[in-house]
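S.K.: can't give you the sequence, but here's the structure:
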């Protein structure tokens, strides 16, 4: 069983930066990712990363966050990060981290609110 706890959300002016963290207790090899859900919209995947036998690779980014957001993983601390730069008002959403091995995400965090004005 994996437990995910996000932190780092908050309010920021457009153009600013935030870094989200997600501590993944019980996580081993597999996939981890960041998702977000804006009011009135469906949840969307924005960045994924995988680990296999000590190797970490980035699967990809959504077009809406490419160049501006960076996903990374401290595997020793089982902590996933999302560095968000050049924030836009349309980045306002609840951000979730999730893990899975195959198929859709299996475990979800509780979410952290990001508000850009």
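M.R.: Nice, I can see it. Because the structure is predicted, anything quoted here is derived from the model rather than measured.
S.K.: Strands of the protein, start to end?
M.R.: Under the criterion DSSP state E, the chain contains strands at 3-7, 10-12, 18-25, 30-37, 44-52, 55-61, 69-74, 79-84, 93-100, 107-108, 112-116.
S.K.: and for the third one, what are the contacting residues?
M.R.: The contact list for strand 18-25, computed with C-beta atoms under 8 Å, 6 or more residues apart in numbering, reads 2-10, 12, 32, 34, 77-84, 87, 95, 97, 99, 109, 112, 114. (Glycine included, C-beta is placed from N, CA and C.)
S.K.: Could you do the shortest one as well?
M.R.: In this structure, residues lying in contact with strand 107-108 by C-beta under 8 Å, 6+ apart are 1, 2, 3, 4, 96, 97, 98, 99, 100.
S.K.: Check those residues against residue 38 and report the nearest one.
M.R.: Nearest to residue 38 among the contacts of strand 107-108: residue 96, at 12.1 Å, using C-beta to C-beta.
S.K.: wait, what's in contact with the closest one?
M.R.: Neighbouring residues of residue 96 by C-beta under 8 Å, 6+ apart: 6, 34, 35, 36, 37, 43, 108, 109, 110, 111, 112.
S.K.: Residue 52: which of the residues you listed is nearest?
M.R.: residue 34 (19.3 Å).
S.K.: The closest one - how many residues pack around it?
M.R.: The local packing of residue 34 (other C-beta atoms under 10 Å) involves 27 other residues.
S.K.: again with residue 68
M.R.: 15.
S.K.: That one: what's it in contact with?
M.R.: Applying C-beta under 8 Å, 6+ apart, the residues near residue 68 are 84, 85, 86, 87.
S.K.: One more pass at 7 Å, please.
M.R.: By C-beta atoms under 7 Å, 6 or more residues apart in numbering, residue 68 lies in contact with 84, 85, 86.
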